[in-house]
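Peer 1: build me a structure from this.
(one chain, ligands or ions: 3)
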Amino acid sequence: MKNLLVAMTLITGVSTAAAPQKLIVKLKEGVNAKSMSFFQNKSVNNVRDLKVSFGSFYSVTTDGLSQKSLSDLEADPRVEYVEKSQTYTISPLSSTDVEETIQDVKFEDQWGLKNTGKNSGFWIFRGKEGQDINAEGAWKFTSGTEDIKIAVIDTGVDYNHEDLKENMWINEAEVNGEEGVDDDGNGYVDDVHGYDFANKDGDPMDGQGHGTHCAGVIGALHNSSGIRGVMSDVKLVAIKFLSDAGSGESEDAIASIEYAIKAGVNIMSNSWGGGNFSQALKDSIQAANDAGIIFVAAAGNARSNNDKGSSYPANYKLDNVISVGSMAGSGKKSSFSNHGKKSVHIFAPGSGIISTVPKNKYKKLSGTSMAAPFVTGAMGLLLSSSPDLTPLEARERLEATAVRTKHLKKYTTSGRLDAARLINDERD
Ligand SMILES: [Ca+2]
Ligand SMILES: [Ca+2]
Ligand SMILES: [Ca+2]
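Peer 2: Ligands and ions are numbered 1, 2, ... in the order given. The predicted structure follows:
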């Protein structure tokens with residue numbers, strides 16, 4: 001038994017030392033935490049019931065907790081599992097890849113939507129005509145509908161941005177309600193456009209820029225100014241769990257997924273990663289799948305092979321998870337992008353992508369963080385025209401309709417995203 005406990009400890013990553021650490025404890029159904037001595041232990045602090053619909057999750061911090069107490073907790077039949085809290089981050093590339101604010105932004109700068117080979121979005125390598133997501137082809141059939149709700153789980157979104165504002169989700173009960181009151185009774189006070197789990201308040205304003213950039217790729221307005229999103233009509237729900245420094249923790253990632261499920265989103269867009277395998281995060285994403293929600297995830301920017309590695313959440317083998325790699329304007333894999341013949345489902349534009357950033361500005365950023373929202377937007381178009389697809393059916397269609405190219409065949413189960421083929425179910 002003792003060996004088993006040691007093995008469990010290694011698997012969950014819970015430290016054997018009595019050092020301060022944060023834990024996620026999942027209790028079995030119907031167990032009352034108050035009845036457990038562990039939660040009364042003076043070395044166990046900041047006990048927080050995450051109050052999620054898919055299980056009994058608690059976050060605690062421990063300081064000076066004995067190894068015996070931890071072993072007792074893991075062995076307690078009322079406990080499903082215990083694991084160390086993880087830290088997740090946006091995956092920024094070096095700052096030299098981040099260009100300054102762009103003036104006079106126009107559609108012609110958006111090579112990811114329409115690659116002419118002459119767009120201004122390229123650096124180092126030239127672009128190649130047609131190496132894009134075929135957005136114009138898709139828009140002949142649909143450019144989205146406000147019935148599709150998409151959660152941008154990130155650093156928040158500047159919901160006042162002139163190129164996003166009309167596509168932001170609005171919680172009518174809160175916008176017409178009273179300040180300081182949870183008007184719709186969903187458990188969150190003043191959540192007009194979403195929620196901020198990093199700061200535990202109803203204002204998911206983006207203080208970093210990353211989340212606003214991802215939101216613009218999905219759903220910037222098709223008006224006469226700025227950029228265009230993959231979707232012209234959509235409702236974007238801003239869910240912030242990554243701080244303005246770009247990092248966040250397990251408990252807030254789990255709470256974000258719960259919020260998005262409750263809000264009834266169709267898709268969650270996730271341009272973040274890090275940490276080790278987490279059963280708690282996997283369970284949360286499984287709950288999203290059970291609610292019929294697609295979970296798009298950036299494959300990661302470590303140039304590594306996800307078939308051998310463990311880039312989470314992209315690597316969770318669940319029916320609703322779509323792992324997205326990044327392609328450059330040449331049609332080749334972006335040098336930084338993770339890849340995986342078995343584990344990365346598709347590639348999309350991610351090098352030198354222009355999009356929205358806070359305060360009505362625009363910037364070019366690179367990363368699988370930028371590629372993932374292209375796929376999110378394309379899946380939004382797909383659901384606009386075929387709303388009854390399950391997450392697994394939608395992912396199978398995404399893979400089957402991708403354009404298989406010589407550049408990408410080593411790196412993914414499919415090829416390059418083509419939104420028009422996706423909507424029309426055009427297969428080779
Ligand atoms: Ca509320
Ligand atoms: Ca309110
Ligand atoms: Ca625009």
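
Peer 1: who are the contact partners of the residue in the stretch 201-350 of the chain positioned nearest to ligand 3?
Peer 2: Using CB to the ion, the closest approach of the stretch 201-350 of the chain to ligand 3 is made by Gly226 at 3.8 Å. (Glycine included, C-beta is placed from N, CA and C.) By CB atoms under 8 Å, 6 or more residues apart in numbering, the contact list for Gly226 reads Val105, Glu162, Asp163, Ala220, Thr356, Tyr362.

Peer 1: angles on the backbone of it, please.
Peer 2: Backbone torsions for Gly226, taken as degrees, to the nearest 10, come to phi 70, psi -140.

Peer 1: for ligand 1, what are the nearby residues on the chain?
Peer 2: Counting by CB under 5 Å from the ion, the chain comes close to ligand 1 at Asp182, Asp184, Asn186, Tyr188, Asp191.

Peer 1: my read is that the first one contacts Val189, right?
Peer 2: Yes: because the distance of 4.8 Å satisfies CB atoms under 8 Å, Asp182 is recorded as touching Val189.

Peer 1: contacting residues for the closest residue to Ala400 other than its chain neighbours?
Peer 2: In space, and not counting its chain neighbours, Ala400 is closest to Arg427: 5.0 Å by CB to CB, 6 or more residues apart in numbering. Counting by CB under 8 Å, 6+ apart, Arg427 makes contact with Ala400, Thr401, Arg421.

Peer 1: make it 10 Å
Peer 2: For Arg427, the contact set (CB atoms under 10 Å, 6 or more residues apart in numbering) comprises Arg397, Glu399, Ala400, Thr401, Ala402, Arg421.

Peer 1: what touches both of Asp182 and Val189?
Peer 2: Common contacts of Asp182 and Val189, defined by CB under 10 Å, 6+ apart, comprise Glu174, Gly202.

Peer 1: where along the stretch 201-350 of the chain do the strands fall?
Peer 2: Taking DSSP state E, counting those that start in this stretch, the strands of the stretch 201-350 of the chain run over residues 233-240, 247-249, 267-270, 294-298, 321-327, 346-349.

Peer 1: quick check: mean pLDDT of the last one?
Peer 2: For strand 346-349, the per-residue pLDDT values average out at 98.

Peer 1: the longest helix anywhere in the chain versus strand 233-240: what angle between them?
Peer 2: If you go by DSSP state H, the chain has its longest helix at helix 368-385. Going by axes from the mean of the first three to the mean of the last three CA atoms, to 10 degrees, helix 368-385 is angled at 140 degrees with respect to strand 233-240.
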